[in-house]
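> Predicted model, plus sequence, below.
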Amino acid sequence: MNKSIKLIKLVVFLLFTQSLTAGEGMWLPQLLQALNEGDMQTMGMKLSAEDIYSVNKSSLKDAIVHFGGFCTAEVISNEGLLLTNHHCGYGQIQSHTTLENNYLKDGFWAMKKNEELPNPGLFARFILRIEDISEPMLAGVTDDMNSKERQSVIDKNMEVVKAKYEQDLPAFDDVMIRPFYHGNQYFVFVTRTFNDVRLVGTPPESIGKYGSDTDNWVWPRHTGDFAMFRIYAGPDNLPAEYSNDNKPYTPKHSLPISLDGVEEGDFTMVFGFPGRTNQYLPASAVKQTVEVLNPTKIGIRETALNIIDKFMRKDPQVKIQYASKFARVANYWKKWIGESQGIEATDGIGKKLEMEKEFLTRLNKNPAQKEKYGALLGDFEKLYNDIEPYAASRDYYNEVISRNIEVMRAAGLGGRLITALENNGEKGYSNMKQRLIDGYYTSFYKNYRPEIDQEVCAALLKMYKDNAPFKGLTSPMDKMMGVRDGGGDYTALAKKLYSTSFFTKQAEFDKVMAMNPKDAVAKIKGDPLYAFMSDMKAVYEDIVEPKYKEYNDQISEKQRLYMKALMEVFPEKRMYPDANSTMRFTYGKVNGYTPRDAVYYRPVTYLDGAMAKYKPGDYEFDMPAKLIDLYNKKDYGQYADNGKMPICFIGTNHTTGGNSGSPAIDAHGNLIGLNFDRAWEGTMSDINYDPSICRNIMVDARYILFIVDKFAGASHLIYEMNLVNPKRMPAPTPPIISKTPITKGKKSKKKKKMKVKGPNPKM
Ligand code: ARG
Ligand code: ASP
């Protein structure tokens, strides 16, 4: 190899590895030693891989749980106290809220353990161990198999592997097998699930949701997005169903909490359960997302949101009823806008194309690889082209029919009652009826305004008709309006549906539910909205779904090959698997960024900033009087940072949906913050992480302590925790992670402050 080629190789190598040290990557904890330990220590981490993930002794992973399967939470005391986001516990907080006890508005703090509130259905799941099972899972799989053959071999292997892991496993432990790297590797997770998880405390929404939708995905941010729960266990400290006799769970590890805060450049690690990312898509796919799919979804939601907003502004009652629904729809609407803009701003597609050029250049030098992978990019181009009308139609259907016209779901669920009666008789019918009423209809009608929904329906059906790629998709609408190509009176159509259906009126719905099963089912079958919804679904399932699935299966197969190719063709690049709701860690640094020309965002916000946004009586920016009082007196106790109260900070950690509630951990393994969001300019990190603008947003741990202690007066919780000063105190020699149990009930905060858990990072 001549010198210049060597140099180029070195430059390419540095380019790839450097771009990773900035924070990109969602890594598997059990591979940390092999892939990340050195890098993390260079960045300032003082822990070893064993401190973070160990099967034999307690480690950081033993403090992290999958919270309800959709968020992350962490254990912060020796009595199973859990910390997660307010928006993760929102459903539970809402379920305990009544007019007399308005926990959303006023907050809630259990002052004694017997005041903590049970939450049926909520679970906290620990990961006991993770193992690579690629070999047994892929045994007998060969390159010349088609995807069906391949899958059938894998399915058979899965049964064997699962049975092996399930042997001797207690009932509350589970085995979960997941594909990684798009099916090129497999890992098994042995998990332990606790089902008695109680609500301990939550700040009022004016803290936990401060800034609401206006500030959602936005930096600078001033939200104290946290809530506390507690895990309860049976007498043996093992999982048990809810019971009065259960005891607070004693964890294998709980995170000490640092009182020393962060400054720009500090090492941070975020540990949790990221849901889904797509980092290895070809440029053609990203282009389709930005040019076709995102604009489709954004447009539909924008139309619906504008209508709902109009009604919310007119009527305070509607504002309450629709606040949470509006927030849910607005969340990803806003995210997709930020995602498309971020890809544009960082030339994400251009960068992908450049990487693909290098991929082809390397293939050209390696005939064996070229033979295997040479056609991939062209295949993608064609497949994404083929799938486009189906993918767009699918988004139209999902957003219009399944999601944003509310009553469609209510009507659609009526179908379950029909099947229940037909398949399982009257008993099956009554069971299903009760389940649907308790689990869905009651809360649906509580917050339902047919006049709003009817207007949304008219507007979205028109969009569907005007824009969805296949004409036949709207034939049920055309039939009802008596038109063939285009046109039609959508307002009249919606009016007809809403005035004649019983699903739009609770009183009529209740009457149907009171009928005997046969009559009720006949009524459902004869309902115009039920019929319309079923017809729309049937044409969608006929025209779009099979083709979409066919192309999508082909794309998945190519994506698997492409992932394999990338790993072979760029062996110098450390590649992390896409997120799939399994336990991961990511690391980076506290770091500001430049959102646009001439502007630099500093990485920490303070209570002063919240005060500056304060709008008395506003539903987004109101603040509790007590908090303002504490601010005026500067009564921050031991939680202040040079006389100021920090609220949030940002870092370069690579996170996504599901990472909400994840702990932000310092170089020594102490909790410094609570992840809850990302900065808008960088929300494209799900498909194209770019270190220049991708930032995760965390609540500063000191703000959480301040709210619990000074604002809520729940200092008994503070005594449970292990507060440490890793920066201020001189360093003892390791152990880095405390193996000594935290002493309970010590009332001297002074003494706690002196406790030291790690070496001084400034050394
Ligand atoms: N954007 C954050 C996430 O994706 C927070 C969402 C909750 N807050 C809200 N205003 N909707 O989950
Ligand atoms: N807010 C997200 C969550 O709930 C986190 C994110 O998307 O960054 O998981």
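Yep, it's here. Ligands and ions are numbered 1, 2, ... in the order given.
> Count the residues that sit near the residue in the stretch 151-300 of the chain that ligand 1 sits nearest to.
With CB to the nearest ligand atom as the measure, N216 is the residue of the stretch 151-300 of the chain nearest to ligand 1, at 3.8 Å. Any C-beta I mention is one placed from the backbone N, CA and C, and that applies to glycine too. Using other CB atoms under 10 Å, N216 has 19 neighbouring residues.
> closest point of this structure to ligand 2, which residue?
Ligand 2 sits closest to S660 of the chain, with a gap of 2.9 Å, by CB to the nearest ligand atom.
> thought that residue was touching N675?
Yes: under the criterion of CB atoms under 8 Å, S660 lies in contact with N675, with a separation of 6.5 Å.
> shared neighbours, the two?
Shared contacts of S660 and N675, defined by CB atoms under 8 Å, 6 or more residues apart in numbering, comprise T72.
> Tell me the confidence at D578?
Turning to D578, the model gives it a pLDDT of 98.
> what's the helix or strand for it?
Under the criterion DSSP states H and E, no helix or strand holds D578.
> Now it. Nearest residue, chain neighbours left out?
Sequence neighbours aside, T277 is the residue nearest to D578 in space, at 4.9 Å (criterion: CB to CB, 6 or more residues apart in numbering).
> And for I207?
Among residues not flanking I207 along the chain, G224 sits closest, at 4.2 Å (CB to CB, 6+ apart).
> Can you report how many residues lie near that neighbour?
Around G224 there are 28 other residues, counting by other CB under 10 Å.
> still on that earlier bit, gap between the residue nearest to D578 and T296?
Applying CB to CB, to the nearest Å, the value for T277 to T296 is 21 Å.
> Which one of the two is surrounded by more residues?
Shown here are T277 and T296; by other CB under 10 Å, T277 has more neighbours (24 against 21).
> Now do the same contact list for that one.
26, 578-579, 656, 685-687.
> What residues does L255 make contact with?
Contacts of L255 by CB under 8 Å, 6+ apart are 60, 63, 74-76, 663, 665, 669-671.
> So it: helix, strand or coil?
coil (DSSP: H, G, I helix; E, B strand; the rest coil).
> backbone phi and psi for it, please?
For L255, the backbone dihedrals are phi -80, psi 130 (criterion: degrees, to the nearest 10).
> Okay, and the beta partners of the residue lying closest to it once chain neighbours are set aside?
Residue nearest to L255 in three dimensions, not counting chain neighbours: L671, with 4.3 Å by CB to CB, 6+ apart. Beta-bridge partners recorded for L671 (DSSP bridges): I257, I665.
> Who are the contact partners of L671?
Neighbouring residues of L671 by CB under 8 Å, 6+ apart: 74, 76, 83, 255-258, 663-665, 701.
> Let's see that with 10 Å instead.
63, 74, 76, 83, 254-258, 663-665, 701, 704, 721-724 (CB atoms under 10 Å, 6 or more residues apart in numbering).
> Could you list the buried residues of the strand or helix carrying Y562?
Under the criterion of DSSP H and E, Y562 resides in helix 545-569. Neighbour counts over helix 545-569 (16 or more other CB atoms under 10 Å) mark 547-548, 551, 554-555, 557-567, 569 as buried.
> when you scan whichever strand or helix holds K319, is anything in it near ligand 1?
Secondary structure assignment for K319, by DSSP H and E: helix 316-345. Yes: judged by CB under 6 Å from any ligand atom, helix 316-345 comes into contact with ligand 1 at 327, 331.
> for that helix, packing partners?
helix 90-96, helix 103-106, helix 212-215, helix 294-314, helix 348-364, helix 450-467, strand 671-678 (3 or more CB pairs under 10 Å, 6 or more residues apart in numbering; DSSP states H and E).
> Tell me where this protein is predicted with low confidence.
Residues of the chain that meet the criterion pLDDT under 70 lie in 1-22, 486, 730-763.
> Can you tell me which residues in it are near ligand 1?
87, 212-213, 216-217, 327, 331, 657, 660, 677.
> how about those residues, which pair is most distant?
S212 and G657 (18.1 Å; CB to CB).
> Return the residues in contact with the residue nearest to I207.
Contacts of G224 were listed using CB under 10 Å, 6+ apart, and they are 85-86, 203-204, 206-210, 607, 610, 627, 647-648, 674, 676, 699-700, 703-704, 706-707, 711.
> Just those residues: which are in strands?
647-648, 674, 676, 699-700 (DSSP state E).
> Name the member of the residues you listed with the most neighbours.
Counting by other CB under 10 Å, top hit in the ones in strands among the contacts of G224: L674 with 31 neighbours.
> what about that one, distance to F226?
In this view, L674 and F226 are 5 Å apart by CB to CB.
> Okay, and which of the contacts of L255 map to strands?
Within the contacts of L255, residues falling in strands by DSSP E are 74-75, 663, 665, 671.
> By neighbours, which of the residues you listed wins?
Neighbour counts for the ones in strands among the contacts of L255 (other CB under 10 Å) peak at P663, which has 30 neighbours.
> Return the alpha-carbon coordinates of stretch 396-409 using CSV.
Extracted in CSV, the C-alpha atoms of stretch 396-409 (Å, rounded to 0.1, in the frame of the first residue of the first chain):
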residue,chain,number,x,y,z
TYR,A,396,-53.3,8.8,4.9
TYR,A,397,-55.4,5.9,6.1
ASN,A,398,-53.6,5.7,9.5
GLU,A,399,-53.7,9.4,10.2
VAL,A,400,-57.2,10.1,8.9
ILE,A,401,-59.2,7.0,9.7
SER,A,402,-57.3,5.4,12.5
ARG,A,403,-56.1,8.4,14.4
ASN,A,404,-57.4,11.9,13.9
ILE,A,405,-61.1,11.4,13.3
GLU,A,406,-61.9,10.3,16.9
VAL,A,407,-65.2,8.6,16.5
MET,A,408,-63.8,6.2,13.8
ARG,A,409,-62.0,4.2,16.6
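> what is in contact with L674 and F226 at once?
Applying CB under 10 Å, 6+ apart, one finds that L674 and F226 are jointly contacted by 83-86, 661, 699, 701, 703-704.
> so which of those comes closest to N632?
Using CB to CB, the shared contacts of L674 and F226 come closest to N632 at Y703, 17.1 Å.
> and the gap between that closest one and ligand 1?
As defined by CB to the nearest ligand atom, to the nearest Å, Y703 lies at a distance of 17 Å from ligand 1.
> so how far is ligand 1 from N447?
The value you get for N447 to ligand 1, if CB to the nearest ligand atom is used, is 16 Å.
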